[in-house]
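Asker: coordinates only, no sequence provided:
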Ligand code: NI
């Protein structure tokens with residue numbers, strides 16, 4: 001038994017996953033409203049794996065498809081914040097919709113892989129309920145609170161072309177957008 005190898009699993013592990021490039025502010029693709037996924041096939045599942053790999057490599061705790069230039073309503077999360085492979089809790093949400101939010105709000109310091117090295121406190125509903133399709137295409141609902149609630153709202157914002165800086169004052173938003181726009185021009189020059 002010791003010599004048994006699941007070749008299909010090994011094959012998919014070795015070939016399927018790839019780290020994608022993350023788009024950075026002010027890339028216009030970050031401002032588009034993403035389209036719902038009609039069905040979840042092997043191509044979509046491979047994309048989920050790439051997104052998780054990209055998120056873990058960054059490292060980050062959430063990633064939305066538009067951040068890698070994919071115009072689809074798909075997000076991945078892992079709020080377990082562990083380095084241990086067997087303790088990771090990857091989560092995948094297709095076509096997620098917020099169906100309820102609490103009146104109570106919470107303040108979290110947020111960051112974004114598309115706005116590197118910038119962190120600000122954002123106020124959002126402290127809890128929410130999200131309806132989505134899972135990896136197998138089944139409809140599910142999840143009740144979220146604390147870090148998961150904040151993170152899932154942040155990622156669903158990405159699907160609507162909204163960034164966490166849009167929740168800050170106009171002054172702060174303009175300042176950080178200007179800084180990244182200058183950096184992009186410098187890099188292109
Ligand atoms: Ni983000």
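Answerer: Arrived safely. Small disclaimer: the values here were computed from a predicted structure and weren't measured. Numbers count the residues shown, from 1 in each chain.
Asker: what is the neighbour count of residue 171?
Answerer: 8 (other Cβ atoms under 10 Å). The C-beta positions use only the backbone N, C-alpha and C, and glycine is treated the same way.
Asker: centre of the chain versus the helix or strand hosting it, how much separation?
Answerer: With the criterion set as DSSP states H and E, the secondary-structure element containing residue 171 is helix 170-188. Averaging C-alpha coordinates over helix 170-188 and over its chain gives two centres that are 22 Å apart (Cα atoms, centre = their mean, to the nearest Å).
Asker: where do the helices of this structure begin and end?
Answerer: Assigned by DSSP state H, the helices in the chain fall at 7-16, 42-57, 146-159, 170-188.
Asker: nearest to residue 28, out of these?
Answerer: Smallest distance to residue 28 across the helices of the chain (Cβ to Cβ): 11.2 Å, for helix 170-188.
Asker: which parts of that closest one are buried?
Answerer: Of all the residues in helix 170-188, those buried under the rule 16 or more other Cβ atoms under 10 Å are 173, 176, 180.
Asker: and which of these is nearest to residue 55?
Answerer: Lowest distance from residue 55 to these (Cβ to Cβ) belongs to residue 180, with 20.5 Å.
Asker: find the nearest non-adjacent residue to that closest one, please.
Answerer: Spatially, and ignoring its direct neighbours in sequence, residue 180 is nearest to residue 25 (4.3 Å; Cβ to Cβ, 6 or more residues apart in numbering).
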